[in-house]
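> Take a look and give me a structure for this.
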Amino acid sequence: MATPISSFNKDGLDVGSLDRNMTYLYGLSDFFSFIFEDSETVNLMLEANAVTASEVYSKFLQLTSSISLASIQDQVGSGIELLLVNNIDQVDLMPKFKIAKPLSTAKFISNRPFLPSEFLEEGIDFRITQIDVNSCYLQLARPIDAYKFSQRILPSGETQYAIWVSDVVVDEQLVYKHYGKLLGITPEVSNEQFSNFIYGLYYLYLNGPNLSIMEQGLNLVLGIPLPRSASVVLDIRTKVDTGQYEVITEEKNYLLPIGVLPTVGIGDTVSIGSPIAKWIELKDFISDGKWWINVSIPSDIIRQKPKSQQDRFAKTGSRFDELMTDYLYKNTFLIRINVGSFQDNKYFKYLSDILSKGKPSYTQPVFVWKIDMNEDEFGFVDELDFTITQIISKLRSINAYAINVEAID
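Residues are numbered from 1 along each chain as shown. Now for the predicted structure:
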């Protein structure tokens, strides 16, 4: 994300110098307020031409540069923007207004582009919060009529205020428009997590159904960052407020989702595309042998339970173990989701659809969760009446028909 560094300060835009006549500058400063409060025709003309040269230039640089999935910006910076805020846009008893622009942040607010008589700073006098792909909230520290913003009365009787915001970060939906739309993904607020989600989908679909590729792709989809350059891990720290791990390398810092442990250590060299953590692990017979031991085999894999089988867990030497070993080991694989201290992830809902498109058509996955619980949350270990540490998930298998369709004696 590139945010422009403008020369905007408490004196507004730096359009003059010490040898310039300040009388002219003050006259230009007052000119905007005069025009804004003038007749309806002039007001409409001003509103229609309020796109600044800096905004056009910023978009031009982004859209004409070599855009790639690995380097595309999440958002676009704009030097200065004019917001027209109506008094009926207030959404709360507090001075909080809904703005029909997807702004993410802004450094300053003023009542004029230069030589302003009202100057507000982000985090002190105001706060901007993006709602969705089309709008945001602007919250002020005081009622809006307490500031010296230019205002006018519309034909409808509403009062409209002119607010200039500088060093603005705008969500132009570049990731979605250039890449996410091709995959049929619903547009979302642009951020690093959404970029990693789209990157993970392309990584998975373009590299094919190799087990390691699928594992890495699914981890990317769920928010595990992917190293974009080779570098050495300098330190690993945890955030005090969330407990998240942050892997610090020579090139970049990688923040892991809550509950996910890093798989690298200090001094390790991470290469391009190598995993730094695993939220999801994939296992099959070739890579891990009998992965199904002590795992509950769902009815989508083996429909009916034989009389010799007490439950659906494939214990060593059981009938389920024999069926998996002799017949089904080539057609099944395990997906273990390591959720740590359980945290929800909005991209879990895409797993079934992603797997149906990315896995070999003759295979079926078996989902299990791995949840870390202490004695206070789950009781003493001696009280557990089952023998496995993996808890079967409620996610349905991809295919609706069982591989073994005949009854088992």
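
> Tell me the buried residues in stretch 181-194?
Using 16 or more other Cβ atoms under 10 Å as the burial criterion, the residues of stretch 181-194 that qualify are 185, 187-191, 193-194. From N, CA and C alone the C-beta is placed, and that goes for glycine too.

> Please apply the same query to stretch 296-305.
For stretch 296-305, the neighbour count (16+ other Cβ under 10 Å) marks 296-298, 300-302 as buried.

> again with stretch 234-242
If you call a residue buried by 16+ other Cβ under 10 Å, then stretch 234-242 has these buried ones: I236.

> With stretch 219-229 instead?
With burial defined by 16+ other Cβ under 10 Å, the residues of stretch 219-229 counted as buried are 219-227.

> between the residues you listed, which is nearest L211?
Minimum separation from L211 among those (Cβ to Cβ) is found for N219, which lies at 12.8 Å.

> Please identify the helix or strand for the closest one.
Element membership of N219 [criterion: DSSP states H and E] is helix 211-221.

> what sits up against that helix?
If you take Cβ atoms under 8 Å, 6 or more residues apart in numbering as the criterion, helix 211-221 is touched by 196-197, 199-201, 203-205, 207, 226, 273, 275, 277-282, 284, 287, 333, 335, 347, 350-351, 354-355, 358-359.

> Tell me the buried residues within the residues you listed.
Listed as buried from the contacts of helix 211-221 are 196-197, 199-201, 203-204, 226, 275, 277-282, 284, 333, 335, 347, 350-351, 354-355, 358-359; burial here means 16+ other Cβ under 10 Å.

> Among these, which ones are in helices?
Using DSSP state H, the subset of the buried ones among the contacts of helix 211-221 located in helices is 196-197, 199-201, 203-204, 351, 354-355, 358.

> I'd like those as a markdown table, with pLDDT appended.
As requested, these are exported to a markdown table (pLDDT from 0 to 100):
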| residue | pLDDT |
| --- | --- |
| N196 | 78 |
| F197 | 81 |
| Y199 | 81 |
| G200 | 80 |
| L201 | 84 |
| Y203 | 81 |
| L204 | 81 |
| L351 | 76 |
| I354 | 81 |
| L355 | 81 |
| G358 | 81 |
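
> For this structure, which helix or strand comes out least confident on mean pLDDT?
strand 390-392 (a mean of 36; mean pLDDT, DSSP states H and E).

> hmm, back to that, check the ones in helices among the buried ones among the contacts of helix 211-221 against A100 and report the nearest one.
The shortest gap between A100 and any of those belongs to F197, at 26.2 Å (Cβ to Cβ).

> pLDDT below threshold where in this protein?
Judged against pLDDT under 70, the low-scoring parts of the chain cover residues 1-74, 77, 273, 339-346, 371-409.

> just checking, what packs against the helix or strand encompassing Y254?
When secondary structure is defined using DSSP H and E, the element that contains Y254 is strand 253-255. The contact analysis (3 or more Cβ pairs under 8 Å, 6 or more residues apart in numbering; DSSP states H and E) places strand 253-255 against strand 245-249.

> For N87, which residues are in contact?
Per Cβ under 8 Å, 6+ apart, neighbours of N87: 144, 158-161.

> let's go with 7 Å and repeat that
For N87, the set of contacting residues under the criterion of Cβ atoms under 7 Å, 6 or more residues apart in numbering consists of 158-159.

> do the same with V295
V295 makes contact with 313-314, 334, 366, 368, 390, according to Cβ under 7 Å, 6+ apart.

> ok, now Q173?
By Cβ under 7 Å, 6+ apart, the residues touching Q173 are 133, 187, 190.

> On the three-state scheme, the first one is what?
What it means is V133. State at V133, reduced to three classes by DSSP: H, G, I helix; E, B strand; the rest coil: coil.

> tally of neighbours for it?
Other residues within reach of V133, judged by other Cβ atoms under 10 Å, total 15.

> What sits closest to it if chain neighbours are left out?
Here the nearest residue to V133 in space, its sequence neighbours aside, is P187; by Cβ to Cβ, 6 or more residues apart in numbering that works out to 5.1 Å.

> The one you found and P102 touch, don't they?
No - the criterion here is Cβ atoms under 7 Å, and P187 misses it with P102 at 10.4 Å.

> would you list every one of the helices in this protein?
Taking DSSP H as the criterion, the chain contains helices spanning 22-36, 40-48, 53-64, 174-178, 192-207, 211-221, 285-288, 319-323, 351-358, 375-378.

> all strands of the stretch 301-409 of the chain, in order?
Ranges of strands in the stretch 301-409 of the chain, per DSSP state E, counting those that start in this stretch, are 332-340, 364-371, 390-392.

> and D92, how far is that from L140?
As defined by Cβ to Cβ, to the nearest Å, D92 lies at a distance of 11 Å from L140.

> and those two? which has more neighbours close in?
Set side by side, D92 and L140 show unequal neighbour counts under other Cβ under 10 Å, the larger going to L140 at 21 against 10.

> Pull the number of nearby residues for P143.
Other residues near P143 come to 11 when the count uses other Cβ under 10 Å.

> Does S308 touch R319 like I think?
Yes - assessed by Cβ under 7 Å, S308 is found in contact with R319 at 5.1 Å.

> Look at these two and report which has more neighbours.
In terms of neighbours (other Cβ under 10 Å), R319 is the more surrounded of S308 and R319; the figures are 17 against 11.

> these two touch, right, that one and K305?
No - with contact defined as Cβ under 7 Å, R319 and K305 do not form a contacting pair (8.6 Å).

> Is F108 bridged to anything, and to what?
E121, S166 (DSSP bridges).

> I'd like the distance between it and S150.
Distance from F108 to S150, counting by Cβ to Cβ: 16 Å.

> Which of the two has more residues huddled nearby?
Between F108 and S150, counted using other Cβ under 10 Å, F108 has the larger neighbour count: 22 against 18.

> That one contacts I124, correct?
No - counting by Cβ under 7 Å, no contact exists between F108 and I124, whose distance comes to 10.4 Å.

> ok, back up a step: out of the contacts of V295, which is most surrounded?
Using other Cβ under 10 Å as the neighbour definition, the contacts of V295 reach their maximum at A314, which records 26 neighbours.
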